[in-house]
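>>> missing the sequence, but the structure's below:
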C-alpha cells in the first residue's frame, strides 16, 4: 500500500503544478488509507507536504512574473489568521467521540474525514462544471468578498489540511480579475504560506515521523516540477474536469467507507 501511496504522492504534485489546486485534496486520504496514519496526524502531515510542494511549484511562476504579491497578501492574510485560530483553538475542542447513533459512533477521525469528503465533492463540482463569467462587482466589494473567501479557506485548511486551491483560483479570477496563469502562481504562494504556517502552529503538539514525511514531500515536489513543465505544453482546463470526476469518486468512497463499511 505504501508503494501505491508514493505513486499517489506524485499525482498530488502534478495536479498542483498543472492546474494550481486539487492535488492537496488527495493528500489526507492518501495518508490515511495508504499510509495508515491517524486522521488528525494526517492533516498535520498534509499541511507540510502541500506547503513545501506549493512553494516549490510557485518558484517557476514567480520567475516569470506570474505571481501577484499584493493579491497574495490581501487573500492570504485572513487565511493565515483563520488557520492559526483553527489549529490552536478549534481543533483541540473536538472530542474523541462526538456522538453515537445506536451502534454507530462518530469519532473525531470519522468527523474530519466526512468533512473532507464533503470538501472533495464540492471541489469536484467546481472542477467539472464549465467556467462561467462572474457578474461585474465594485472593486471594494470584490476585495471584501476575496477577504471573506480567504477566511473560509483558512478554516478549511486548518481543519482538514487541504490547500483550498479549488476555492482560491476562482476567487482570484472572478473577484479580483487576475489572468488564469497568474492566478495559479498566486494560488500556489497562498497555499504554501497557509499550509506551512498551519503546520508550524501545531507541530509542537505532534510526534512527527520525519523520514516518512520528508520522503512523501520529496516525491510530491518531484510531481509538482513535472506538473509545472507539463503546464507549458498542456491546457490545465482540459484535464481539470477529468481530475474532478476522480475526486468525486474518492469523496463518495470515503463517505461509504466511514459510514457503511
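Okay, I see it. Only a predicted model underlies this, so the values are computations on that prediction, with no experimental measurement involved.
>>> what packs against the helix or strand hosting residue 192?
Using DSSP states H and E, residue 192 falls within helix 180-202. Where contact means 3 or more Cβ pairs under 8 Å, 6 or more residues apart in numbering; DSSP states H and E, helix 180-202 is packed against helix 2-19, helix 39-63, helix 69-85, helix 139-160, helix 165-170. Backbone N, C-alpha and C define where each C-beta goes, glycine included.
>>> Format these as TSV; extra columns: mean pLDDT and distance to residue 33.
Conversion of these to TSV gives the following (pLDDT from 0 to 100; distance: least, Cβ to Cβ, whole Å):
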stretch	mean pLDDT	distance to residue 33
helix 2-19	82	8
helix 39-63	87	9
helix 69-85	88	25
helix 139-160	80	15
helix 165-170	76	21
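>>> Mind putting these into TSV with mean neighbour count?
Conversion of the helices and strands packed on helix 180-202 to TSV gives the following (neighbours: other Cβ atoms under 10 Å):
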stretch	mean neighbour count
helix 2-19	22
helix 39-63	24
helix 69-85	19
helix 139-160	19
helix 165-170	25
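>>> out of those helices, nearest to residue 100?
Closest to residue 100 of the helices and strands packed on helix 180-202 is helix 39-63 (Cβ to Cβ; 18.3 Å).
>>> what inclination does the closest one have with respect to helix 180-202?
Orientation note: helix 39-63 sits at an angle of 140 degrees relative to helix 180-202 (axes from the mean of the first three to the mean of the last three Cα atoms, to 10 degrees).
>>> Residue nearest the middle of the protein, spatially speaking?
Nearest to the mean C-alpha position of the chain, by Cα atoms, centre = their mean, lies residue 163 at 2.4 Å.
>>> Test my guess that it contacts residue 154.
No: checked against Cβ atoms under 8 Å, the pair residue 163 and residue 154 is beyond contact range at 11.0 Å.
>>> circling back: name the residues of the helix holding residue 192 that come out as buried.
Going by neighbour count (16 or more other Cβ atoms under 10 Å), the buried part of helix 180-202 is 180, 182-199, 201-202.
>>> returning to that earlier point: so which of the helices and strands packed on helix 180-202 gets nearest residue 110?
That would be helix 39-63 among those, by Cβ to Cβ, at 8.0 Å.
>>> Output the contacting helices and strands for that closest one.
When contacts are defined as 3+ Cβ pairs under 8 Å, 6+ apart, helix 39-63 sits against helix 2-19, helix 24-29, helix 108-128, helix 139-160, helix 180-202, helix 210-230.
>>> need these in CSV with distance to residue 37, can you?
Output for the helices and strands packed on helix 39-63, formatted as CSV (distance: least, Cβ to Cβ, whole Å):
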stretch, distance to residue 37
helix 2-19, 10
helix 24-29, 9
helix 108-128, 10
helix 139-160, 14
helix 180-202, 15
helix 210-230, 9
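>>> For residue 259, which of those is the nearest?
The closest of these to residue 259 is helix 108-128. By Cβ to Cβ, the value is 7.7 Å.
>>> Identify all contacting residues around that closest one.
For helix 108-128, the external contacting residues (Cβ atoms under 8 Å, 6 or more residues apart in numbering) are 21-22, 25, 28-29, 32, 38-40, 43, 94-98, 156, 159-160, 162, 166-167, 170, 240-241, 243-248, 250-252, 254-255, 258-259.
>>> From these, keep the buried residues only.
Buried residues within the contacts of helix 108-128, counting neighbours by 16+ other Cβ under 10 Å: 21-22, 25, 28-29, 32, 39-40, 43, 156, 159-160, 162, 166-167, 170, 240, 243-244, 246-248, 250-251, 254-255, 258.
>>> so which of the helices and strands packed on helix 39-63 gets nearest residue 56?
helix 210-230 (4.7 Å).
>>> From the structure, what's the count of residues near residue 232?
The number of residues packed near residue 232 is 7, by other Cβ atoms under 10 Å.
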